[in-house]
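# heads up, no residue letters with this:
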Ligand code: TRP
């Protein structure tokens, strides 16, 4: 991304999982806001249709989750004057393009997508009962992306296989339907976030359902309670024991994984408190800094970092009419772009009424 000279257009989205956590912020939102402020043309989509691929039966929380996520986006600093915030299901053109794209991808290609395989494993799904829609998850995502013709798709590493398929579909469409005309679609590139994934407070993968996350809306007391339970060096028991902020690769368990994977509190200091991080590590190693006060300090750092986000969120939450207007305006702006692309698509595919039928 650093090699890019002229800011272009980006499209990214999230499934509406409700209130967002620090991992969502570091892995995506922070990047979106930075690009927005660098003059990129941002399009951000609430992928509510994608939510149905794995939870199609219980939709009772869907609207509340969309609302919470949009508030968190605004709270994080997405500026509706600069960025287009919209809801996938409000732009029906995505569904049309998804249908047309679905003819250009083989079933075998979709079955090879690692994200689908991981979901089958993690959610204990039966491969034989995967729905047609779930198999087509990435085809819908390709439609989401390409309908806006972005140059880049800022996403986490886990989304790269989807972007790869998106590029293949763009290439295939242009090859099949644009022989006698300019290509309709660009081949957008994934723009990965620079910061490595933030681990959950317990040292495992961050996940809201596990409860090892800090939510952007957590008040200071809640942050302190959660940080108090964070994973640190298991061998640092007394305050004066020398600690190991970094992972210790000399001791492995039976499966060859390091017994000590590094102190999570230190990882968070590095991300949110870079000015003090080296000094904190030095004092931890020297046995002059104990975990309890160090955690208290981190909790304060995080609370301060989240304070402006919390304040902005409260302001938006107090004005639901404003938020509704922001999203309605985003839907309108997204629709205008999507409609123009679909016009080109239909024309390229000879789906536009012609001759006597056109009148
Ligand atoms: N698959 C993405 C996720 O789980 C959500 C998503 C849907 C998306 N459509 C997209 C992301 C288009 C980027 C671009 O987070």
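The structure has been received and is ready for your questions. Predicted, not measured: the structure shown is a model, and the values here were computed from it.
# What's the local residue count around residue 274?
Residue 274 is flanked by 9 other residues according to other C-beta atoms under 10 Å. Backbone N, C-alpha and C define where each C-beta goes, glycine included.
# phi, psi of it?
Taking degrees, to the nearest 10, you get phi -60, psi -30 for the backbone angles of residue 274.
# Near the ligand, which residues of the stretch 151-300 of the chain are found?
153, 155, 159, 162 (C-beta under 6 Å from any ligand atom).
# pLDDT and neighbour count added to those, as JSON lines?
Formatted as JSON lines, the entries for these read as follows, by pLDDT from 0 to 100; neighbours: other C-beta atoms under 10 Å:
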{"residue": "153", "pLDDT": "97", "neighbour count": "25"}
{"residue": "155", "pLDDT": "92", "neighbour count": "24"}
{"residue": "159", "pLDDT": "91", "neighbour count": "20"}
{"residue": "162", "pLDDT": "96", "neighbour count": "23"}
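# Now go through the residues you listed and say which are in helices.
Judged by DSSP state H, helices contain the following of those: residue 162.
# I'd like the average pLDDT over stretch 332-352.
Averaging pLDDT along stretch 332-352 yields 97.
# ok, now stretch 190-209?
Model confidence over stretch 190-209 averages 86 on the pLDDT scale.
# for that stretch, the distance to its chain's centre please.
10 Å (C-alpha atoms, centre = their mean, to the nearest Å).
# swap in stretch 201-210?
Taking mean C-alpha positions (C-alpha atoms, centre = their mean), stretch 201-210 and its chain are 16 Å apart.
# hmm, who's touching it?
The contact list for stretch 201-210 (C-beta atoms under 8 Å, 6 or more residues apart in numbering) reads 17-19, 21-23, 197-200, 212-215, 226-227, 229-231, 261-262, 264.
# Could you give me the buried positions within that stretch?
Applying a neighbour-count criterion of 16 or more other C-beta atoms under 10 Å, one finds 201, 203, 206, 208 buried in stretch 201-210.
# do stretch 95-113 as well
When neighbours are counted by 16+ other C-beta under 10 Å, the buried residues of stretch 95-113 are found to be 96, 97, 98, 100, 101, 102, 104, 105, 110, 113.
# Could you export those as CSV, including pLDDT?
Formatted as CSV, the entries for the buried residues of stretch 95-113 read as follows, by pLDDT from 0 to 100:
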residue, pLDDT
96, 98
97, 98
98, 98
100, 98
101, 98
102, 98
104, 98
105, 98
110, 96
113, 93
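# okay, now residue 346: neighbour count?
For residue 346, the count of nearby residues is 14 (other C-beta under 10 Å).
# before we move on, back to that, out of the buried residues of stretch 201-210, the closest to residue 135 would be?
Residue 135 has its nearest neighbour among these in residue 208, at 25.5 Å by C-beta to C-beta.
# Contacts for the helix or strand harbouring residue 278 next, please.
The secondary structure element spanning residue 278 is helix 274-286 (assigned by DSSP states H and E). Judged by C-beta under 8 Å, 6+ apart, the contacts made with helix 274-286 from elsewhere in the structure are 236, 242-245, 263, 266, 269-270, 273, 289, 294, 297.
# can these go into TSV with extra columns for secondary structure, neighbour count and pLDDT?
Conversion of those to TSV gives the following (DSSP: H, G, I helix; E, B strand; the rest coil; neighbours: other C-beta atoms under 10 Å; pLDDT from 0 to 100):
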residue	secondary structure	neighbour count	pLDDT
236	coil	21	94
242	coil	12	93
243	coil	24	94
244	coil	19	94
245	coil	22	93
263	coil	26	95
266	helix	23	96
269	helix	25	97
270	helix	16	94
273	coil	19	95
289	coil	20	96
294	helix	23	97
297	helix	17	98
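# The residues you listed: which two are farthest apart?
242 and 273 (20.9 Å).
# Now the helix or strand of the chain with the lowest mean pLDDT: buried residues?
The helix or strand of the chain with the lowest confidence, counting by mean pLDDT, DSSP states H and E, is helix 114-122 at a mean of 85. Within helix 114-122, the residues that qualify as buried are 115, 116, 119, counting by 16+ other C-beta under 10 Å.
# Can you give me every residue that contacts the last one?
To tie it back to what came earlier, the one meant is residue 119. Residue 119 makes contact with 54, 125, 134 under the criterion C-beta under 8 Å, 6+ apart.
# can you pick the most crowded of those residues?
Most crowded among the contacts of residue 119, counting by other C-beta under 10 Å, is residue 134 at 18 neighbours.
# So which residues of the stretch 1-150 of the chain form helices?
When secondary structure is read from DSSP state H, counting those that start in this stretch, the stretch 1-150 of the chain shows helices at 22-24, 30-37, 48-51, 62-76, 93-101, 107-111, 114-122, 132-135, 137-146.
# among those, which gets the worst mean confidence?
Within the helices of the stretch 1-150 of the chain, the stretch with the lowest mean pLDDT is helix 114-122, showing a mean of 85.
# so does that one get close to the ligand?
No. Using C-beta under 6 Å from any ligand atom, helix 114-122 never reaches the ligand; the gap is at least 7.8 Å.
# what does stretch 133-145 give?
Yes. Applying C-beta under 6 Å from any ligand atom, one finds stretch 133-145 in contact with the ligand at 141, 144, 145.
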